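Trainee: Fold the following.
(one chain, ligands or ions: 1)
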Amino acid sequence: MITLGGRRRELEVDPHPDGTHVLTEVPAIGGGMAVRARVLSGVDLPAQEPAYRSHTCPAPPPPKAPRCGICQGPMPIDVATLEGWTMHPCCDPAYQREAARQRTTPRARRSAA
Ligand SMILES: [Zn+2]
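Mentor: Next up, the predicted model:
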């Protein structure tokens, strides 16, 4: 909806007792009439005719964190997206194998020495 002052406002679909925008018709450029919103304030309130409130869309829900393909736990969305993770690095079977190898290698060396 465009106000008489030329500002674009999103209005709720149904009138509301707390509404501050009433609809009015004005001559349109090129002939005919155009519907505009008149913004009420101060002594004009409460409105004596159907009035509409400004509509503000609720914030969209935050994006869902991607889930690890192994443990199904949430992954940090920024890093997972940037690095193309499909699983936590620590859940990666290759990482697990390497970690297991590193855990056993020092003991094997000690026993061999
Ligand atoms: Zn995981």
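
Trainee: from here on, contacts and neighbour counts on C-alpha atoms
Mentor: Noted.

Trainee: what about the residue lying closest to Met33 once chain neighbours are set aside, neighbour count?
Mentor: Computed as Cα to Cα, 6 or more residues apart in numbering, the closest residue to Met33 that is not its neighbour in sequence is Pro27, at 4.5 Å. Neighbour count of Pro27, defined by other Cα atoms under 10 Å: 10.

Trainee: What distance do you get for Pro27 to Leu4?
Mentor: As judged by Cα to Cα, to the nearest Å, Pro27 and Leu4 stand 11 Å apart.

Trainee: Thr24 too?
Mentor: 9 Å.

Trainee: Mind jotting down where the helices sit in the protein?
Mentor: 77-83, 93-112 (DSSP state H).

Trainee: possible to save those as a markdown table with mean neighbour count?
Mentor: Listed next are these as a markdown table, based on neighbours: other Cα atoms under 10 Å:
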| stretch | mean neighbour count |
| --- | --- |
| helix 77-83 | 12 |
| helix 93-112 | 11 |
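
Trainee: nearest to the ion, of the ones you listed?
Mentor: helix 93-112 (10.4 Å; Cα to the ion).

Trainee: Tell me which residue is most central in the chain.
Mentor: Residue closest to the average C-alpha location in the chain (Cα atoms, centre = their mean): Pro60, at 2.8 Å.

Trainee: Could you pull up phi and psi at that one?
Mentor: Dihedral pair for Pro60: phi -70, psi 150, per degrees, to the nearest 10.

Trainee: before we move on, back to that, least reliable of the helices of the chain by average pLDDT, please.
Mentor: Mean pLDDT is lowest for helix 93-112 among the helices of the chain, at a mean of 78.

Trainee: Show me what from the chain comes close to the ion.
Mentor: Residues of the chain found near the ion (Cα under 5 Å from the ion) are 68, 71, 88, 91.
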